[in-house]
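Participant: coordinates only, sequence not included:
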């Protein structure tokens, strides 16, 4: 990670299952880093770049936290505030189990930050900490004061929706979903990203709606409002987007399946979950297995059933041809008959 | 990181008609080659095209990294992994063996 792009920030907001899927921007979009390279770097940008270079060289979370802490002590209020805080918070909570140190860095930084964007990013890291600590009242109060101070975009609501969901702050999740729904239109998307086509904006508006309905439905289910939850899921299902293998990019189908299982409808749960269980997250596979056991009394036959479903839902590999680093072309069609493991990666 | 974990799998099963194809989606050739060299990767290493011709997003519909597809001898994608955690290679090996057959 050099500097997380917008897409990665969206991913971070959705990271519970890693199935963060498609970003709102087309993948070939230039990252903000490219702009910086064409101009002469300011001192802060230069130090940030050097710090990230050291950051990448080390695996030690303590060193990473130290780098972020030193940078933020020197430049608390810059375009890099959010990225360094995110790194510090992540490593202090996930690797080092020292949330109190994370609170200290975030609160110290917040007291020094004036730039609105850096303030929003800093407050969002405070929200991350409240969410992880299960401080629901603080999380709700912070969300209110953030909304008052800033003019939120869809992704800000989405991030808070996710944090509320992780913390089990169901009322807050519903409130954020309702507020986010105002942005789930082609017009709202175009207002934020005017460079995209009407067609793209129309789909993006729908996908935003699917995210809202997924979190709203899951919060409703957790509040015992099953009818409302099922209505939310079905109204979002037409708007979501599916991968080549039929996996929902949003958590809607996973939450739908979990809700149906909780309501005593394991067969319906398995139907909603099958693509995710076959090709998506471990969470979905576990819920699918739980549903199976609840109807059949044991896991007997589950693996055979999944294997049969897998054959039924498999998709042919799209044909492609690409060069290797020596300029020789690899043709996928020349390798039919072999077992192929296709791994998409990027070096950062 | 997933890629170095795939090298021993390829070495172990290459004689049975198993291929690993890694597609780099980021167009930072220098960095990719450095990574590949450092980790001594020897399977198929491809670089995606930029823009509308790209394979990873446009054809394979992959938007998060790393993501992998496991394809059987008939050309059907039977397994996929989104993300990678240490230890996932154990499950991958089971799936590869299943598709390679006896």
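Facilitator: That came in fine, so what should we check first? Computed from a prediction, not measured in an experiment: that's the story for all the values here.
Participant: Please make it C-alpha for all contacts and neighbour counts, starting now.
Facilitator: Noted.
Participant: Tell me the spacing between residue A:345 and residue A:59.
Facilitator: As judged by C-alpha to C-alpha, to the nearest Å, residue A:345 and residue A:59 stand 20 Å apart.
Participant: mind listing what residue A:174 touches?
Facilitator: Neighbour list for residue A:174: A:161, A:215, A:216, A:219, A:220 [criterion: C-alpha atoms under 8 Å, 6 or more residues apart in numbering or on different chains].
Participant: Now with 10 Å, please.
Facilitator: When contacts are counted by C-alpha atoms under 10 Å, 6 or more residues apart in numbering or on different chains, residue A:174 touches A:161, A:164, A:165, A:180, A:212, A:213, A:215, A:216, A:217, A:218, A:219, A:220.
Participant: So it: helix, strand or coil?
Facilitator: Using DSSP: H, G, I helix; E, B strand; the rest coil, the secondary structure recorded for residue A:174 is helix.
Participant: Chain B versus that one, what's the distance?
Facilitator: Per C-alpha to the nearest C-alpha, to the nearest Å, residue A:174 is found 27 Å from chain B.
Participant: Would you mind listing what in the stretch 151-300 of chain A touches chain B?
Facilitator: A:242, A:243, A:244, A:245, A:249, A:278, A:279, A:280, A:281, A:282 (C-alpha under 10 Å from any C-alpha of the partner chain).
Participant: ok, 8 Å please
Facilitator: Taking C-alpha under 8 Å from any C-alpha of the partner chain as the contact definition, the stretch 151-300 of chain A meets chain B at A:243, A:244, A:278, A:279, A:280, A:281.
Participant: mind checking pLDDT for the first one?
Facilitator: Same thing as residue A:243. With respect to pLDDT, residue A:243 has a value of 87.
Participant: What of the last one?
Facilitator: Per-residue confidence (pLDDT) for residue A:281: 83.
Participant: same thing with the third one?
Facilitator: Model confidence at residue A:278, given as pLDDT, is 95.
Participant: What is the burial count for it?
Facilitator: 25 (other C-alpha atoms under 10 Å in any protein chain shown).
Participant: One more: residue A:50?
Facilitator: 11.
Participant: I'd like the distance between it and chain B.
Facilitator: Residue A:50 is 17 Å from chain B, by C-alpha to the nearest C-alpha.
Participant: try residue A:234
Facilitator: Residue A:234 is 24 Å from chain B, by C-alpha to the nearest C-alpha.
Participant: which stretches of chain B aren't confidently modelled?
Facilitator: B:1 (pLDDT under 70).
Participant: centroid residue for it?
Facilitator: Centroid-nearest residue in chain B, with C-alpha atoms, centre = their mean: residue B:22, separated by 4.2 Å.
Participant: still on that earlier bit, same list (the contacts of residue A:174) but as JSON lines, adding pLDDT and secondary structure.
Facilitator: Formatted as JSON lines, the contacts of residue A:174 follow (pLDDT from 0 to 100; DSSP: H, G, I helix; E, B strand; the rest coil):
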{"residue": "A:161", "pLDDT": "97", "secondary structure": "helix"}
{"residue": "A:164", "pLDDT": "98", "secondary structure": "helix"}
{"residue": "A:165", "pLDDT": "98", "secondary structure": "helix"}
{"residue": "A:180", "pLDDT": "96", "secondary structure": "helix"}
{"residue": "A:212", "pLDDT": "97", "secondary structure": "helix"}
{"residue": "A:213", "pLDDT": "97", "secondary structure": "helix"}
{"residue": "A:215", "pLDDT": "98", "secondary structure": "helix"}
{"residue": "A:216", "pLDDT": "98", "secondary structure": "helix"}
{"residue": "A:217", "pLDDT": "98", "secondary structure": "helix"}
{"residue": "A:218", "pLDDT": "98", "secondary structure": "helix"}
{"residue": "A:219", "pLDDT": "98", "secondary structure": "helix"}
{"residue": "A:220", "pLDDT": "98", "secondary structure": "helix"}
